[in-house]
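> need a 3D model of the sequence below.
(chains A, B and C)
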Amino acid sequence: MKRFRIFDLLFIIFLILASLSPLIFVNIDNRHKRLKIIIENSDFYFPLTETKIINLRKYGKEMLVQIGNNQAHILESDCRNKICIRAGWIKNCGESAVCLPNKVAIQIDCEKNYIDAYSR
Amino acid sequence: MRTQDNEKKISLIGMLVAFSIVAGYLENFIPLPVPGLKLGIANIGIMISLYLLDWKSTILIAILKSLLVPLVTGNFIIKLTIGLPATLAAATFMIIYKTLTNKFTTATSTGALGAFIHINCQFVLIKFLFIKSLTIYKILPYFSLFSVIAGAITGYLTIITTEIILKTYNK
Amino acid sequence: MSFLQKTAIFCCLILVLYGCGQRYDKKSFYALGTIIDITLQEKDISYFDNIKTLINTYEKSITNAAHDINTAKKNEKVTVSNEIVELLKQSSYYYNLSNGHFDITIATITSLYGFPEGPFKIPNNKHINKAKTQVGFHNLKINYENNTLTKSTDILIDTGAFSKGTIVDKTVEYLKSVGVKSAIVNAGGDLYCIGDKNENQWTIAIKHPDENSNLLSTIFIKEKAVATSGDYERSFEENGKRINHIFDAITFSTSDKYKSMSVIADNTETADALSTVYYLLPVKEIKKLCQEMDTPVLIYTKTGEIIKLCGWDLYEKKE
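Next comes the predicted model:
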C-alpha cells in the first residue's frame, strides 16, 4: 500500500495555505490603512506601519500623537478634560478620537474600504 | 457467509469504538503547550473504518466516539455541542474526499483534511454559541496549521495500522 | 486567435470598463464641533475649499445668533437673520411634533450640567428648579414679520440638535447648484448622499456604539440623508449613572431609553432633528410618528436590542 503520494503533498500544502490565508489578508489590509490627522481646516496623512510619536506643536497644537503596531492614539494634550486621551488606541477603519477644544481629530483612513461613509 | 462477514464487521466496529474511547482518554495526558489542543490519536479509529469499512460504519463510529469519549473525559455538554458536529463534518468531508480522490491520494491527506475541517468547525461553533468577540479568530490560523500537520500524521499512522490489520487478518 | 487569448482580452476589457468609473477622494476638516468628511469625484475636488468656507460661515452665523439670543436680557428685542428665523421655525415645528419633549430651550438646564463642551457636573437642585420654571419654547416670542424675538424668561437655546443637518443641506444645495452630481457631505455622522456612486448606491454603515469594530447596520442609499443620535458622545458619568446631552423638556432629565437612534430622510435637517425627537419618545410613539413622517428608523436600546421600523430593513438590501 502506498503511504504517501504527490497529490497528498499538494493537497496538504493547499490546506496549510488555506489555514494561513487570514494572516496574509490582514497584512494586505494593514498596508491600506493610514492615520489621518485633522487639524482645524487641514488634514494630514501618516502611515500606520511606522512606530513614532508625532508632535503637533509645528501645527500650533500642544498635543502628541503616538503611532505603533498599526494603531494610533493621542498621547498627550493640553485640553482640560482629556477626553481624547481617554478614547484610547484606534485601529479599525473609520475609528476616531477627537479633541474638541483643540479642534484636532485623529482617524483611521482606509483606502479600499467598501463602506462609503459612517453614521454614528 | 453474509452473517459471518457481518459479525466480523460488527466486531471490528466494536473494537474501533473501544480504541477510540481509550485513545481519547489517554491523549488528554499528552502535554501540549496549549490547553484543549489534542493530537487526534482517537480519530485513527474513524479513519481506519473509512479505509476498511463502508461509509455508514464510519459515520456510526464518529457519532459513538463523540458521545462516549466526553462521557469518560468530562465536560460532556460542551464537548458534545461542539465536538459532535465538528467530528461529523470532518467524517463527511473525509468520506467525500476519499471517494473522489482515492485513486491518487492516500490517507495522509485525508487525515489532514479531516483535522482541518474539525478545528475550523469547532472555532465557528465556539464563536457562534459561546464567545462573542472576534479576537479568538486571531489564533485560528496557527491552530489550523497545527491541525493539518497533526491530521497528516494521524492519516499516516492509519495507513500503517491498516497494513498491519490486513496482514494479520489475511494470515 | 486561440480561446485563451480571447479570454484574456475579454478579462482585460472588463477590468478597464470597471476601472473607468470615476474615482472619489475624501477630504476632512474640523467644524461644527466634529469631523466633516466630504467625498467628491476627482473632477469636483476644487469645490472643497468653498465648502469649508461655506460651512465655517454658517457655523459662525448660527453661533453668533445663538450667542445674541442667549445673552439678551428678558424682554429685550433681538434681531436675527433669515436663516436663524428658518431655524426657529423648524424648532417650533419639532417642538409641536414631539408634544413638547423636543425643545431647544432645554439648553437652560443642560448648560447647568456643563453641556455641550464641559466641564461637566451635577448642578444643585436650587439651580435646576429655577431653570425648570424658565424653560419652554413658548417663552420665545418670535416675530416672523420683522425677524425679531424676545425672551419672556431667562432662557438659553441650543440649536445643536439639528443645525448640523441644516448646514449639510445648505452645502448640498451649493454643490448641486454648481453641477456636482455625486458626493457625500458628512458632518460627524449626519450625512447626505448626492446622486449615486458610479451607477451604484452608496454604502453607509451605522457604527455600533459599544463595539468599535462592529456595525449595527449597513444600508444602501442614494439621494437620501442619514443621521444618528447617541448617548456616547458628549456625556459623562456620575455616581454610576451616564448623563448625556439629550434632555427631555417634559421630564427635565436626560433620556435613557436608547443608546443609538438612526433615521433616513429626504433631507439632513429632518433626519438630524427626528433622530433627536425619536430619541426622546417611547417605541410606540416612534412607530406612529415614523409612519407619518415616512422615515425609516434604526433603534439600539440600552438593553442591546436592535429595532428596525418603517422600512429600515428594506434599505439594508442592495438594489
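
> which helix or strand contains the closest residue to chain A within chain B?
Of all residues in chain B, B:S144 sits closest to chain A, at 3.4 Å by CB to the nearest CB. Yep, even glycine has a C-beta here, placed from its N, CA and C like the rest. Using DSSP states H and E, B:S144 maps to helix B:140-169.

> before we move on, what about C:L281?
C:L281 belongs to no helix or strand, assigned by DSSP H and E.

> any idea how far A:L20 is from it?
Remark: distance between C:L281 and A:L20 (CB to CB, to the nearest Å) = 51 Å.

> and those two? which has more neighbours close in?
Under the neighbour definition other CB atoms under 10 Å in any protein chain shown, C:L281 and A:L20 were set side by side, and C:L281 has more, 23 against 15.

> contacts only, for the nearest residue to C:T150 once chain neighbours are set aside.
In space, and not counting its chain neighbours, C:T150 is closest to C:K141: 4.8 Å by CB to CB, 6 or more residues apart in numbering or on different chains. By CB atoms under 8 Å, 6 or more residues apart in numbering or on different chains, the residues touching C:K141 are C:L149, C:T150, C:K151, C:S152.

> what's near enough to touch the last one?
Contacts for C:S152 (CB under 8 Å, 6+ apart) come out as C:K74, C:N75, C:N139, C:L140, C:K141.

> kindly report the same for C:N147.
Counting by CB under 8 Å, 6+ apart, C:N147 has contacts C:T79, C:V80, C:S81, C:N82, C:I84, C:V85.

> show me those residues that map onto strands.
Residues of these located in strands (DSSP state E): C:T79.

> quick one: the strands in chain A?
Secondary structure of chain A (DSSP E): strands located at A:33-39, A:42-47, A:52-55, A:63-68, A:71-77, A:96-99, A:104-110, A:117-119.

> quick one: the residue nearest to C:T150 from C:A72, how far?
Spatial separation of C:K141 from C:A72 under the definition CB to CB is 12 Å.

> list residues touching both of these two?
Counting by CB under 8 Å, 6+ apart, the residues touching both C:K141 and C:A72 are C:T150, C:K151.

> give me the mean pLDDT for whatever helix or strand C:N129 lives in.
Per DSSP H and E: C:N129 is located in helix C:125-134. Per-residue pLDDT over helix C:125-134 has a mean of 89.

> just give me the longest helix of the chain.
The chain I'm using is chain A. Counting residues, the longest helix found in chain A (DSSP state H) is helix A:6-31.

> that's the wrong chain, I wanted chain C
Max-length helix for chain C by DSSP H is helix C:48-71.

> for chain A, name the helix or strand with the lowest mean pLDDT.
Within chain A, no helix or strand scores below helix A:6-31, which has a mean of 83 by mean pLDDT, DSSP states H and E.

> distance of the closest residue in space to C:S235 that isn't next to it in sequence from A:S119?
Counting by CB to CB, 6+ apart, C:S235 lies nearest to C:N244, which is 3.7 Å off, once chain neighbours are set aside. According to CB to CB, C:N244 and A:S119 sit 17 Å apart.

> who's more crowded, those two?
Neighbours per residue, other CB under 10 Å: of C:N244 and A:S119, the larger number sits with A:S119, 27 against 21.

> residues contacting the more buried one?
C:N186, C:G189, C:D190, C:L191, C:I204, C:A205, C:I206, C:K207, C:V226, C:A227, C:T228, C:S262.

> and those as JSON lines, adding neighbour count?
Formatted as JSON lines, these follow (neighbours: other CB atoms under 10 Å in any protein chain shown):
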{"residue": "C:N186", "neighbour count": "25"}
{"residue": "C:G189", "neighbour count": "24"}
{"residue": "C:D190", "neighbour count": "30"}
{"residue": "C:L191", "neighbour count": "31"}
{"residue": "C:I204", "neighbour count": "24"}
{"residue": "C:A205", "neighbour count": "22"}
{"residue": "C:I206", "neighbour count": "21"}
{"residue": "C:K207", "neighbour count": "25"}
{"residue": "C:V226", "neighbour count": "30"}
{"residue": "C:A227", "neighbour count": "30"}
{"residue": "C:T228", "neighbour count": "26"}
{"residue": "C:S262", "neighbour count": "28"}
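
> just checking: which of these also lie near chain A?
C:N186, C:G189, C:D190, C:L191, C:I204, C:A205, C:I206, C:K207, C:V226, C:A227, C:T228, C:S262 (CB under 8 Å from any CB of the partner chain).

> quick check: the fifth one is in a helix.
No. C:I204: not assigned to a helix; according to DSSP: H, G, I helix; E, B strand; the rest coil it is strand.

> wait, doesn't it sit right on C:A225?
No. Using CB atoms under 8 Å, C:I204 makes no contact with C:A225, being 10.2 Å away.

> where do the contact lists of the two overlap?
Residues touching both C:I204 and C:A225 (CB under 8 Å, 6+ apart) are C:L191, C:C193.

> can you pull the buried residues of the longest helix of chain A?
In terms of neighbour count (16 or more other CB atoms under 10 Å in any protein chain shown), helix A:6-31 has its buried residues at A:D8, A:F11, A:I12, A:L15, A:I16, A:S19.

> let's have the residues you listed in JSON lines, adding distance to chain C.
Listed next are those as JSON lines, based on distance: CB to the nearest CB, whole Å:
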{"residue": "A:D8", "distance to chain C": "30"}
{"residue": "A:F11", "distance to chain C": "26"}
{"residue": "A:I12", "distance to chain C": "30"}
{"residue": "A:L15", "distance to chain C": "28"}
{"residue": "A:I16", "distance to chain C": "28"}
{"residue": "A:S19", "distance to chain C": "23"}
